[in-house]
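**Q** sharing a model prediction with you, sequence too.
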Amino acid sequence: MNASASPADVAAPASLWPQPPPSQLLRVALLQLPITNDKAQNLATAEAAIREAVTTGGGADLVILPECFNCPYGASYFGPYAEPIPGGPTTARLSALARELAIPVLVGGSIPERTPEGRLHNTALVFDRTGALVATHRKAHLFDVDVPGGIRFVESETLSPGDQVTTFPTPWGTAGLGICYDVRFPHLASIMVERDGARLLIYPAAFNTTTGPLHWELLLRSRAVDFGCWVMACSPSRVPGATYQAFGHSMIVSPWGTVVATCEAGPSLVRATIDMAQVHQARQAIPVLSQRRWDLYTCDRPAPADDKDNLARQTALKVNVRNV
Ligand SMILES: NC(=O)CC(=O)C(=O)O
């Protein structure tokens, strides 16, 4: 059976598969770009890389830029670099490029967004071949961490979290879209796949030299195997002397968990032609999605052992809390 038999891919009602049967081969290009303090230069770099991706090397159907590709990644930069979406210069530039080059799917990384109310978000943009802005995703899980001897980063000092799960249709099936830290939350991927029918998960991202070596490949391969999906993550390249040292290593992972394309830390164009049929094949062979024991997973949010109030509340609700 090939991937056109998509309703059988997961144990989900056929109504979750509204798109036509996906075509099989998808040419993917990840643009691992050097980000500077100069927004105009960042946009010019991105434009040149997009043109190269679609006009050389056999072309590309899906082009992905990094997280914060027009702005250095740092809390003090988000405000000064922010712009409205739509209505800002970055949206206009990417839209024009997608239209001119007829790119089937252009994931314009993410950029700092300023809302009409004045809130700031880290927001990803997706355009189709007509230049229409077909999806946006506001980073839902903000990168607030403190790793002793490693990195302290508090996105929530300046950014507000998004409150939506983002999926969108493509000619190759439904795609799920998250940003960087979002990849650490399998529940988000679960909703993309098991509610919305995602077959590929896309993460503009910017891990760093502390968390990257520890978790980057591990997380991307985990999400691929957890959900039998193609997973793609595009990072900025590492810029010597920059305040944030990006990990790089942009990566494409198959539904089997195999790294099919990646790179080191420097500026790179990572390409692969991937076969969407592997989604179906992996899910058929190892059908964890249809072997879920939802009858056991009655407590989606276990109460911490020391949270007596929460335990009491959940017990009152007859939630099956097992206190370990
Ligand atoms: N930069 C991020 O949002 C996430 C990250 O670097 C990590 O999870 O590690």
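**A** Here it is on my side, so go on.
**Q** what does this structure put close to the ligand?
**A** Residues of the chain lying close to the ligand (CB under 6 Å from any ligand atom) are F143, C180, Y181, R184, A206, F207, N208, T211, H215. Every C-beta, even on glycine, is put in place using the N, C-alpha and C of the backbone.
**Q** what stretches of this protein score poorly on pLDDT?
**A** 1-23, 299-324 (pLDDT under 70).
**Q** quickly find the element holding the residue nearest the centre of it.
**A** Nearest residue to the geometric centre of the chain (CA atoms, centre = their mean): Y203, 1.9 Å. Using DSSP states H and E, Y203 falls within strand 198-204.
**Q** so what strands line up beside that strand?
**A** Note on strand 198-204: by DSSP bridges, its sheet partners are strand 174-177 (parallel), strand 230-234 (parallel).
**Q** helices along the stretch 1-150 of the chain, start to end?
**A** Listed in chain order, the helices of the stretch 1-150 of the chain (DSSP state H, counting those that start in this stretch) span 39-55, 75-81, 89-101.
**Q** between those helices, which gets nearest to V270?
**A** helix 39-55 (9.8 Å; CB to CB).
**Q** buried residues in the closest one?
**A** K39, N42, L43, T45, A46, A49, I50, A53, V54 (16 or more other CB atoms under 10 Å).
**Q** what do you get for stretch 117-133?
**A** Buried-residue list, stretch 117-133, by 16+ other CB under 10 Å: L120, H121, N122, T123, A124, L125, V126, F127, D128, G131, L133.
**Q** pull the contacting residues for the second one.
**A** To tie it back to what came earlier, the one meant is H121. P112, E113, T115, R138, K139, L159, S160, P161, G162 (CB atoms under 8 Å, 6 or more residues apart in numbering).
**Q** can you flag which of these belong to strands?
**A** Counted as lying in strands by DSSP state E, out of the contacts of H121, are P112, E113, R138.
**Q** how many residues are close by the residue of the stretch 201-324 of the chain found nearest the ligand?
**A** Relative to the ligand, the nearest point of the stretch 201-324 of the chain is T211 (3.0 Å; CB to the nearest ligand atom). Using other CB atoms under 10 Å, T211 has 19 other residues around it.
**Q** doesn't I151 make contact with it?
**A** Yes: the pair T211 and I151 passes the contact test of CB atoms under 8 Å, sitting 6.8 Å apart.
**Q** endpoints of stretch 177-195, how far apart?
**A** Criterion CA to CA, to the nearest Å; first-to-last residue distance in stretch 177-195 is 14 Å.
**Q** sort out which residues of it are buried, please.
**A** In stretch 177-195, counting by 16+ other CB under 10 Å, buried: 177-184, 188-190, 192-194.
**Q** so how far is the ligand from G178?
**A** Distance, G178 to the ligand, by CB to the nearest ligand atom, to the nearest Å: 10 Å.
**Q** what's near enough to touch that residue?
**A** H137, K139, A140, T166, L188, A189, M192, L201, I202, Y203.
**Q** can you redo those as TSV, where the extra columns are distance to G74?
**A** Formatted as TSV, these follow (distance: CB to CB, whole Å):
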residue	distance to G74
H137	21
K139	15
A140	20
T166	24
L188	24
A189	27
M192	28
L201	26
I202	23
Y203	19
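**Q** from those residues, which is closest to the ligand?
**A** Nearest member of those to the ligand, counting by CB to the nearest ligand atom, is K139, at 7.2 Å.
**Q** quick one: the closest one from S237, how far?
**A** 20 Å (CB to CB, to the nearest Å).
**Q** surely L33 touches V270?
**A** No: taking contacts as CB under 8 Å, L33 lies outside contact range of V270: 11.5 Å.
**Q** and these two? which has more neighbours close in?
**A** L33 (26 against 23).
**Q** which non-adjacent residue is nearest that one?
**A** T45 (5.5 Å; CB to CB, 6 or more residues apart in numbering).
**Q** quick one on the thing from earlier: what residues are shared contacts of T211 and I151?
**A** Taking CB under 8 Å, 6+ apart as the contact rule, T211 and I151 both touch V145.
**Q** what's the neighbour count on whatever residue of the stretch 1-150 of the chain ends up closest to the ligand?
**A** Going by CB to the nearest ligand atom, the ligand is nearest to F143 of the stretch 1-150 of the chain, at 3.4 Å. Using other CB under 10 Å, F143 has 24 other residues around it.
**Q** with A285 instead?
**A** 10.
**Q** perfect, that will be all.
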